[in-house]
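> My questions concern the predicted model and sequence given below.
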Amino acid sequence: MFLTKDNLKLGLALGLFAPFIGMFGFYYWKFSTYPLKEFILYLTEAKSLITAMVTFSLMANAILFTIYINTHKDKTAKGIFIVTIIYSVAALIMKFVF
């Protein structure tokens, strides 16, 4: 199975994809009564919500990172970590600049 490989590209791909799963998890946990379009509009207006959503989203990467570190798939974990740092910096820029 491809998820058991120790590959930097796999880590980058997983790191890019997992936060979206976390974002949808956050949406369903907190805002499932609202349509997705309304949630996205509210997200653009409420800066404090960005921090909560990004934290929840990056938790998915932290879980994946932990799994791959514990199974000694260091190259894959490295890719996940790189993307996590990029997402975190982008979220900070969005929060404080825009």
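Yes, it's here.

> by contact count, what packs against the helix or strand of the chain with the lowest mean pLDDT?
Per-element confidence for the chain was summarised using mean pLDDT, DSSP states H and E. The lowest value among helices and strands belongs to helix 36-45, with a mean of 86. Contacts defined by 3 or more CB pairs under 8 Å, 6 or more residues apart in numbering; DSSP states H and E place helix 36-45 against helix 47-70. For glycine as for every other residue, the C-beta is placed from the backbone atoms N, C-alpha and C.

> In space, not sequence, find me the middle residue of this structure.
When the chain is reduced to its mean C-alpha position, the closest residue under CA atoms, centre = their mean turns out to be residue 19, at 2.2 Å.

> For residue 64, see how far away the residue lying closest to that one once chain neighbours are set aside is.
Of all residues beyond its chain neighbours, the one nearest residue 19 is residue 57 (3.9 Å), with distances taken as CB to CB, 6 or more residues apart in numbering. Computed as CB to CB, to the nearest Å, the residue 57 to residue 64 distance reads 12 Å.

> And for residue 90?
Where residue 64 is concerned, residue 90 sits at a distance of 18 Å (CB to CB).

> more crowded one of those two?
Applying other CB atoms under 10 Å to residue 90 and residue 64 shows that residue 64 carries more neighbours, namely 25 against 11.

> so how far is residue 97 from the more buried one?
Distance, residue 64 to residue 97, by CB to CB: 28 Å.

> Then residue 69?
Applying CB to CB, one obtains 32 Å for the distance of residue 69 from residue 97.

> More neighbours: which of the two?
When residue 69 and residue 97 are compared for neighbours, residue 69 comes out ahead with 15 against 6, by other CB under 10 Å.

> which residues touch the more buried one?
With contacts taken as CB atoms under 8 Å, 6 or more residues apart in numbering, residue 69 has the following neighbours: residue 77.
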